[in-house]
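> Sequence plus the predicted model coming up.
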Amino acid sequence: MDKKKILILPGDGVGPEAINEVKKIIDFFNKKKILDIEIEEELVGGACIDAFKLPIKDETIEKARKSDAVLLGAVGGPKWDNLPFDQRPEQGLLRLRSDLQLFANLRPAISFDPLVHASSLKSEIIKGLDILIVRELTGGVYFGEPRGIIDLGNGKRKGLNTQVYTTDEIIRVARVAFELAKKRKKILVSVEKSNVMESGKLWREEVEKLGKKEYPEVDLKHMYADNCAMQLIRNPKQFDIILTDNLFGDLLSDAAAMLTGSLGMLPSASLGEINNGNYLSGLYEPVHGSAPDIAGKNIANPIATILSFSMMLFYSFNNKKISQIIDNSVKKVLDGGFRTEDIMDEKSKKVGTKDMGDLIIKEMKKNF
Ligand code: NAD
């Protein structure tokens with residue numbers, strides 16, 4: 001693989017602990033000359049507030065722009081909970097997403113066989129599940145104007161948000177989903193509420209048009225968001241990729257992720273504009289937060305962060321082989337009965353954060 005420069009932002013709580021395990025993996029591949037990755041590291045979130053009184057520095061945003069990809073641990077914690085909204089640790093993350101124009105959020109929901117019992121659904125419904133939700137991340141009702149709380153007088157008020165999408169916003173995220181569908185099973189379900197919302201009607205029409213014109217090989221279906229929520233619980237394996245807007249994606253990706261069990265296992269990616277099949281910018285991070293309740297105790301599960309790095313190799317660096325080796329090594333360690341506390345059951349062997357990282361590296365080594 002060509003030389004790549006990545007920016008690492010460990011953040012707060014369990015973020016730095018989990019990131020350490022990824023650094024060990026990068027070190028292994030660099031030393032073996034299998035990858036050539038240069039790392040830069042910066043503060044974000046609460047750690048940055050403590051050092052510089054702001055959740056992310058302008059220089060860090062610049063470094064992120066110049067990097068081939070960004071890996072983030074997690075941000076936040078009770079220490080910073082009382083700060084005004086615009087100065088809180090999460091603002092660092094929001095600024096990264098908006099400044100880098102990361103409009104496509106990818107959330108896989110993959111069931112690992114040894115953990116199939118961790119799901120609240122029956123094993124036969126979950127076993128072998130491998131779906132991907134592509135959520136539009138920078139538009140829709142969370143950003144639409146006008147918005148606000150308006151005083152109507154007489155002690156009455158009106159809360160207002162606007163769901164709005166343009167053709168361009170729909171097409172650029174739909175294109176990401178179609179491109180991914182081409183690399184997977186060539187089936188795509190686009191989700192909206194075109195029965196009751198004009199923005200949903202436009203969404204359906206634009207996705208349909210793009211599919212017909214540029215991706216005829218992808219089998220495109222449309223589904224209403226409420227039906228999709230039901231189908232995810234009833235028969236999730238009918239899906240491969242779900243494309244949806246910011247609001248529905250927020251809800252459906254959490255529901256899909258939880259089909260598989262633990263927060264400590266879930267990676268994510270947020271991607272920017274596509275350029276010749278490659279994504280210009282990508283931010284990779286676990287779905288979980290900074291877990292302050294378990295931080296600093298060497299008990300956090302590092303797998304979500306390790307799988308986020310694997311997604312980086314797959315999506316930003318087009319290195320499917322090493323990405324697969326990492327994913328398979330995680331599976332083998334789980335097959336071997338090793339678990340961190342969050343995914344522990346009575347038959348398994350409990351290991352800490354560092355041991356879990358070491359076990360995964362030991363499995364990886366068997367491939368070389
Ligand atoms: P959380 O995801 O940090 O934790 C929820 C529960 O899951 C906790 O019991 C925690 O111990 C457990 N957990 C989370 N990650 C784990 C891991 N890797 N291994 C084992 N157990 C794990 O969510 P929360 O408690 O609601 O939020 C804590 C802080 O994180 C808050 O400040 C919140 O704002 C922030 N947060 C940040 C992000 C992010 O950085 N992307 C996302 C969500 C929450």
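Noted; the coordinates are in hand.
> interface residues of the stretch 151-300 of the chain facing the ligand?
Contact residues, the stretch 151-300 of the chain versus the ligand (Cβ under 6 Å from any ligand atom): 263, 264, 285, 288, 289, 290, 291, 292, 293, 294, 300. No exception for glycine: its C-beta is placed from N, CA and C like everyone else's.
> For the third one, identify the helix or strand it belongs to.
Just to be clear, that refers to residue 285. strand 282-286 (DSSP states H and E).
> Buried residues, that strand. List them.
282, 283, 284, 285, 286 (16 or more other Cβ atoms under 10 Å).
> check contacts around the last one.
Neighbour list for residue 286: 18, 73, 74, 264, 266, 267, 268, 304, 305, 307, 308 [criterion: Cβ atoms under 8 Å, 6 or more residues apart in numbering].
> what's across from it in the sheet?
Applying DSSP bridges to residue 286 gives these bridge partners: residue 267.
> returning to that earlier point: just want the angle from the next helix or strand after the strand holding residue 285 to strand 282-286.
Where DSSP H and E defines the elements, the next helix or strand beyond strand 282-286 is helix 303-311. Angle of helix 303-311 versus strand 282-286, following axes from the mean of the first three to the mean of the last three Cα atoms, to 10 degrees, is 160 degrees.
> next one: helix 303-311 to chain centre, how far?
Relative to its parent chain, helix 303-311 has a centroid offset of 10 Å by Cα atoms, centre = their mean, to the nearest Å.
> do the same with stretch 67-87
On Cα atoms, centre = their mean, the centre of stretch 67-87 falls 16 Å from the chain's centre.
> That one near the ligand at all?
Yes. Using Cβ under 6 Å from any ligand atom, stretch 67-87 reaches the ligand at 74, 75, 76, 77.
> Pick the one among these closest to the ligand.
For these, the residue nearest the ligand by Cβ to the nearest ligand atom is residue 76; the value is 2.5 Å.
> Can you name the residues that contact that closest one?
Counting by Cβ under 8 Å, 6+ apart, residue 76 makes contact with 12, 13, 45, 46, 88, 89, 90, 289, 290, 292.
> 7 Å - rerun?
12, 45, 46, 89, 90, 289, 290 (Cβ atoms under 7 Å, 6 or more residues apart in numbering).
> Might one say that the last one is in contact with residue 17?
No. The criterion here is Cβ atoms under 7 Å, and residue 290 misses it with residue 17 at 10.2 Å.
> Pick out whichever of the two has more residues nearby.
Neighbours of residue 290 and residue 17, each counted by other Cβ atoms under 10 Å, are more numerous for residue 17; the result is 26 against 23.
> Can you tell me the SS state at the nearest residue to residue 99 once chain neighbours are set aside?
Nearest in space to residue 99, with sequence neighbours left out and distances taken as Cβ to Cβ, 6 or more residues apart in numbering, is residue 61 at 5.2 Å. Under DSSP: H, G, I helix; E, B strand; the rest coil, residue 61 falls in the helix class.
> Roughly how far does residue 61 sit from the ligand?
Look at residue 61 and the ligand: by Cβ to the nearest ligand atom, to the nearest Å, they are 17 Å apart.
> So what's the residue count around that residue?
By other Cβ under 10 Å, the residues close to residue 61 number 17.
> show me what contacts it?
Counting by Cβ under 7 Å, 6+ apart, residue 61 makes contact with 95, 96, 99.
> I'd like the buried residues of strand 282-286 as JSON lines, with pLDDT appended.
Output for the buried residues of strand 282-286, formatted as JSON lines (pLDDT from 0 to 100):
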{"residue": "282", "pLDDT": "93"}
{"residue": "283", "pLDDT": "97"}
{"residue": "284", "pLDDT": "97"}
{"residue": "285", "pLDDT": "97"}
{"residue": "286", "pLDDT": "96"}
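> will you turn these into TSV that also has distance to residue 185?
Converted to TSV, those look like this (distance: Cβ to Cβ, whole Å):
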residue	distance to residue 185
282	22
283	26
284	23
285	26
286	25
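> got the domain boundaries for this protein?
Under the assignment automatic domain parsing, the domains of the chain span 1-103+272-368, 111-261.
> And residue 281, what's its pLDDT?
pLDDT for residue 281: 80.
> okay, now the nearest residue to it once chain neighbours are set aside: neighbour count?
Closest residue to residue 281 apart from its sequence neighbours, by Cβ to Cβ, 6+ apart: residue 272 at 3.9 Å. Neighbourhood size, residue 272 [other Cβ under 10 Å]: 19.
> Next, residue 272: phi, psi?
When read as degrees, to the nearest 10, the backbone of residue 272 gives phi -100, psi -160.
> Would you check how far apart it and residue 98 are?
Taking Cβ to Cβ, to the nearest Å as the criterion, residue 272 is separated from residue 98 by 11 Å.
> What are the boundaries of the helices in the stretch 1-150 of the chain?
15-31, 46-52, 58-66, 90-99, 123-126 (DSSP state H, counting those that start in this stretch).
> okay if I get the ones you listed as JSON lines plus distance to residue 363 and mean pLDDT?
Converted to JSON lines, the helices of the stretch 1-150 of the chain look like this (distance: least, Cβ to Cβ, whole Å; pLDDT from 0 to 100):
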{"stretch": "helix 15-31", "distance to residue 363": "11", "mean pLDDT": "98"}
{"stretch": "helix 46-52", "distance to residue 363": "31", "mean pLDDT": "98"}
{"stretch": "helix 58-66", "distance to residue 363": "31", "mean pLDDT": "95"}
{"stretch": "helix 90-99", "distance to residue 363": "31", "mean pLDDT": "91"}
{"stretch": "helix 123-126", "distance to residue 363": "24", "mean pLDDT": "93"}
